[in-house]
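*Asks:* Quick one, fold the following:
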Amino acid sequence: MESLLKEEFAEVKAKNSSDEALRRWRKLCWVVKNPKRRFRFTANLSKRTEAKALMLSNKEKFRVAVLVSQAALQFIDGITYNAPEEVKAAGFQICADELGSIVENRNMRKLRVHGGVEGIAEKLSTTTTEGISTSEDLLNKRKETYGVNKFTESQVPGFLVFVWEALQDTTLIILGVCALVSLIVGIIMEGWPKGAHDGLGIVASILLVVFVTATSDYKQSLQFKDLDREKKKITVQVTRNGCRQRISIYDLVPGDVVHLAIGDQVPADGLFISGFSLLINESSLSGESDPVHVTAENPFLLSGTKVQDGSCKMLVTTVGMRTQWGKLIATISEGGDDETPLQVKLNGVATIIGKIGLFFAVVTFAVMVQGLFVHKLREGSHWTWTGDDALEVLEYFAVAVTIVVVAVPEGLPLAVTLSLAFAMKKMMNDKALVRHLAACETMGSSTTICSDKTGTLTTNHMTVVKACICGKIKQVPHLKESLSIHSDIPDSVIKILLESIFNNTGGEIVVNKDSKIEILGTPTESAILEYGLSLGGDFQAVRQASKILKVEPFNSTKKRMGVVVEVPGGGLHAHCKGASEIVLAACDKVLDSSGEVVPLDEKSLGHLTKTIEQFASEALRTLCLAYMEIGSDFSAEEPIPFSGYTCIGIVGIKDPVRPGVKESVAICRSAGITVRMVTGDNINTAKAIARECGILTDDGIAIEGPEFRMKSEEELQKLIPKIQVMARSSPMDKHTLVKHLRTTFQEVVAVTGDGTNDAPALHEADIGLAMGIAGTEVAKESADVIILDDNFSTIVTVAKWGRSVYINIQKFVQFQLTVNVVALIVNFSSACLTGNAPLTAVQLLWVNMIMDTLGALALATEPPTDELMKRQPVGRKGNFISNVMWRNILGQSLYQFVVIWYLQTNGKTVFHLDGPDSDLILNTLIFNSFVFCQVFNEISSREMEKINVFKGILKNYVFVAVLTCTVIFQIIIIEFLGTFANTSPLTLHQWFVSVMLGFLGMPITAALKMIPVGSI
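*Replies:* Modelled structure (predicted):
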């Protein structure tokens, strides 16, 4: 079976599968009872194709409209505008439609008519410096006038929709028709109510199956809706009432002043107020891959686009469904998530078994009808057919159809979804948000984790603890003591140092809404700014004294950032800050102990290099700060020079290792998962942290990105398996490493990332893990899982849950295939040898519900245990239905078949049954024993290899509840619903024997587990 599955159903990958591969496996699944339910959680390919075509046409329309409007509006004169009275009454001077037309059509002329960005801000009753008022009444007026920043969402279908979908099951429809015919013929032949019992029994069973199925599906859909809501929780920084604060993008209103940085998604349509080097990627809207430079001359920002580089302040003008993004997504239906490889594989299993079941059902029906015909032939009544004969043939047909119901394991692929939904919900509580279903199961097979250092392995709470200024290494103590420690440093050096710290930064020092000073920015920027404050610096005073002319923001490729400022007196200074060895290489001068600028000779260079190595060996992040004086003829269009700098100093930043990381790395190692650190930091810092975490071992290699890039393919083949640390790496180095691990070494790779430049590696990896706190929106969008607390231990939890999903599905498949095999063989062999089936349609429907919906609920929702992380990973090449599973399935099936066959042939003798009801009592005993075999087999299936199956059973409330309900309902069926279910009440002795026959399956399974078969 495994080879057949690989041949037919292995084309679908966890990520980036082609539409052809997705279509192909659907065509192979032709034995499907209920397509609506079976394919509910798979991509809607026709809708997806339609959506792509519609999106492309909309992009083209948008692009053409912009070009036409820009050309045509050059000839329009005398534009006048009067705001509607209701807008004026609300306290504003411009309506939503006018605002929309300015940004959507990039209409500079209209913008000028309204007084530019400042004029629009005034008409929106806001200012570009203070932002809007947070008065509840004014906010409500804005929302009433301009709308809210929310998009149209599809509603969760109601419970009755799921009931209707469950009723679409072809086999249930056929059984329903059989029940109707049975009712009519039965009432005609035997009258009401006696003649209606069989038909009503089937109807009641169908309704029970439908409502249990619909309830399970409805709960799943609610879980997915909750997860969708979590995925959309995006916050942005705004200025309101003159204070910086974070709010949800859904709370934005026109007039808000939003602060955007590299990697952010533009949350609404708006206008550029101020900023530096702003590049916007508009490909999601216009289809153009080239980024757009947004400046005061081209100030239009559109919702849904991404900040590729730079930073800015933006005035929100249009929100929600009035934006271009809102209009675009309103016209398309989402095609849904791609199905996961496990779903596809289990659809394959269901199809193969379904075909076998269909064959057995047809043969069973033919054999039973032939038996009836032979019986009538012997009696000589083959030319006369009564209503009883018709009912008998109908019963045979119902049994045959029910064999198909039991044989087609429709619940297999749906059990994956159930298990994933359960796991995803629980993982949310463990600080991991799964964006794509497939990631949950793929993470369980991961063999390698490529992790960032900063914020993932470390706490991301950074402080400057050492500094080398004017050649003197200083220990930086608590804030209040820092000034005295640096008292021997000349004032001129402190001045240039503060100028560098407060101007060359991506952070900011602001007053928050509680009137307290707050440092905003990345942890690194915050640490440097805090150091600047400790030196007695005043952020606002330094900023106001100088004028920033150009900013080149930090990115992980350059590993530095730069700024050009005009200082008091008219001179220009260029400041540079970044990776110590990179910035130091651009310096040819240094500040000496007296604060004088002197050439950077070998002695000074050696001292600084040794300082960097010393700081790094103490696990400190090192940054070099440098400046240079440049000519007044510098233009903002030119790049900032990167040579001839004067080194101001080196700072060492402490970022402690997170508690629990060392233990988590050890857990990964015992689980067969290799952890590699990929960082942009200095190699000595990286090695020190890696040793502290337990990542770097004696036989491992630490390498720098530039050296890695220079290696040939042959060298990489030998090198990559040994690499445990890659320092000073660029995003492309990370991408190359991941690609080689996946393709050349067939590893299943999980990769962490937080920056915009990490998107290619996150996309390339089997599982992309984005950081929820430090991660940009671009990184999160490329990721499969978002680690909400940025903690490495959470990644290990995700791996544990992934393994749990995989193992739980295997348990369920083992349980269900056992029921399939036994039910098929029992009914088929009985039909062939005795001419009738011991299990009726109603009984088989009950068995189907035990193994499908209830079995999935019980086994697919087992929580993970620590034992899971002591197994070796499945990897890429592992068989889903393993030898261990086949051993358990075949052994248990053989036992159950022997028990039922023995009861069928010798049951009357063993239980001394005679009289008119003996057949009914025997069939009831067979049915009861069969059901209890499944109950105890369900308990045995909790562990596929271990003998102790009771460990932790009481902690799984779902399992206990399902088992209890199954037993209680079985008692009710036998003792009280005999008329409808074709059963007869049993004596205590008969109950004891049938329960014991089921229980004996457990020691049989325990004995089977001692037979070694290999784990493949």
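*Asks:* Please list all residues in contact with the residue nearest to Ile234 when sequence neighbours are not counted.
*Replies:* Taking CB to CB, 6 or more residues apart in numbering as the measure, Ile234 lies nearest to Ile249, with 4.9 Å between them; neighbours along the chain are not counted. C-beta here means a position set from N, CA and C on the backbone, and glycine is covered the same way. Each residue near Ile249 by CB atoms under 8 Å, 6 or more residues apart in numbering is listed here: 149, 234-236, 267-268.
*Asks:* 10 Å instead?
*Replies:* Residues in contact with Ile249, defined by CB atoms under 10 Å, 6 or more residues apart in numbering, are 149-150, 232-236, 238, 258, 265-268, 303, 319, 777.
*Asks:* what do you get for Asp251?
*Replies:* Applying CB under 10 Å, 6+ apart as the definition, the contact partners of Asp251 turn out to be 139, 143, 148-150, 235-236, 238.
*Asks:* before we move on, what about Asp914?
*Replies:* By CB under 10 Å, 6+ apart, the contact set of Asp914 is Lys908.
*Asks:* Let me know the secondary structure of it.
*Replies:* Going by DSSP: H, G, I helix; E, B strand; the rest coil, the secondary structure assigned to Asp914 is coil.
*Asks:* how close does the residue nearest to Ile234 sit to Asn107?
*Replies:* Separation of Ile249 from Asn107 (CB to CB, to the nearest Å): 25 Å.
*Asks:* Ile640 now?
*Replies:* Looking at Ile640 against Asn107, where the rule is CB to CB, the gap reads 34 Å.
*Asks:* same thing with Thr834?
*Replies:* Between Thr834 and Asn107 the distance is 85 Å, computed by CB to CB.
*Asks:* So the two - more neighbours on which side?
*Replies:* More neighbours surround Asn107 than the other of Thr834 and Asn107, with 21 against 13 (other CB atoms under 10 Å).
*Asks:* mind checking how far stretch 451-458 is from the chain centre?
*Replies:* 20 Å (CA atoms, centre = their mean, to the nearest Å).
*Asks:* buried set for it?
*Replies:* Taking 16 or more other CB atoms under 10 Å as the basis for neighbour counts, the residues of stretch 451-458 that come out buried are 451-458.
*Asks:* Kindly report the same for stretch 631-646.
*Replies:* Buried residues in stretch 631-646 (16+ other CB under 10 Å): 634, 640, 642, 645-646.
*Asks:* Strands of the stretch 601-750 of the chain, residue ranges please.
*Replies:* Here the stretch 601-750 of the chain has its strands, by DSSP state E, counting those that start in this stretch, at 620-630, 645-654, 674-678, 701-704, 723-727, 749-753.
*Asks:* which of those strands sits most buried?
*Replies:* Counting by mean count of other CB atoms under 10 Å, strand 749-753 has the highest mean neighbour count of those, with a mean of 29.
*Asks:* partner strands of that strand, parallel or antiparallel?
*Replies:* Applying DSSP bridges, strand 749-753 is found paired with strand 448-451 (parallel), strand 767-771 (parallel).
*Asks:* mind saving the C-alpha coords of that strand as CSV?
*Replies:* Taking only C-alpha atoms (Å, rounded to 0.1, in the frame of the first residue of the first chain), the coordinates of strand 749-753 have been written out as CSV:
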residue,chain,number,x,y,z
VAL,A,749,14.2,22.0,7.7
ALA,A,750,12.6,24.6,10.1
VAL,A,751,13.9,28.1,9.9
THR,A,752,13.4,31.1,12.1
GLY,A,753,13.4,34.7,10.8
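*Asks:* Can you check what angle separates it from strand 674-678?
*Replies:* Per axes from the mean of the first three to the mean of the last three CA atoms, to 10 degrees, the angle that strand 749-753 makes with strand 674-678 is 30 degrees.
*Asks:* which other helices and strands contact the next helix or strand after strand 749-753?
*Replies:* Stepping forward along the backbone from strand 749-753, the first helix or strand reached (DSSP states H and E) is helix 759-764. Packed against helix 759-764 by the contact rule (3 or more CB pairs under 10 Å, 6 or more residues apart in numbering; DSSP states H and E) you find helix 731-743, strand 749-753, strand 767-771, helix 777-782.
*Asks:* Mind doing that once more with 7 Å?
*Replies:* helix 731-743, strand 749-753, helix 777-782 (3 or more CB pairs under 7 Å, 6 or more residues apart in numbering; DSSP states H and E).
*Asks:* Quick one: residues in contact with it.
*Replies:* With contacts defined as CB atoms under 7 Å, 6 or more residues apart in numbering, helix 759-764 is touched by 731, 734-735, 738-739, 751, 753, 768, 770, 778-779, 782-783.
*Asks:* quick one: that helix to chain centroid distance?
*Replies:* Centre-to-centre, helix 759-764 and its host chain are 14 Å apart (CA atoms, centre = their mean).
*Asks:* Could you list the low-pLDDT ranges of the stretch 751-900 of the chain?
*Replies:* With pLDDT under 70 as the threshold, the stretch 751-900 of the chain has low-confidence stretches at 755-757, 835-837, 877-878.
*Asks:* Only alpha carbons, please: show the host helix or strand of Val935 as CSV.
*Replies:* Secondary-structure assignment from DSSP H and E places Val935 in helix 918-940. Extracted C-alpha coordinates of helix 918-940, given in CSV (Å, rounded to 0.1, in the frame of the first residue of the first chain):
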residue,chain,number,x,y,z
SER,A,918,-31.8,-18.1,19.0
ASP,A,919,-30.6,-16.5,15.8
LEU,A,920,-31.5,-13.1,17.0
ILE,A,921,-29.7,-13.6,20.4
LEU,A,922,-26.6,-15.1,18.7
ASN,A,923,-26.4,-12.1,16.2
THR,A,924,-26.8,-9.8,19.2
LEU,A,925,-23.9,-11.5,21.0
ILE,A,926,-21.8,-11.3,17.8
PHE,A,927,-22.6,-7.6,17.5
ASN,A,928,-22.0,-6.9,21.2
SER,A,929,-18.7,-8.8,21.2
PHE,A,930,-17.6,-7.0,18.0
VAL,A,931,-18.4,-3.5,19.5
PHE,A,932,-16.5,-4.3,22.7
CYS,A,933,-13.6,-5.6,20.7
GLN,A,934,-13.4,-2.1,19.2
VAL,A,935,-13.8,-0.4,22.6
PHE,A,936,-10.8,-2.3,24.0
ASN,A,937,-8.9,-2.0,20.7
GLU,A,938,-9.3,1.8,21.0
ILE,A,939,-7.6,1.7,24.4
SER,A,940,-4.8,-0.5,23.0
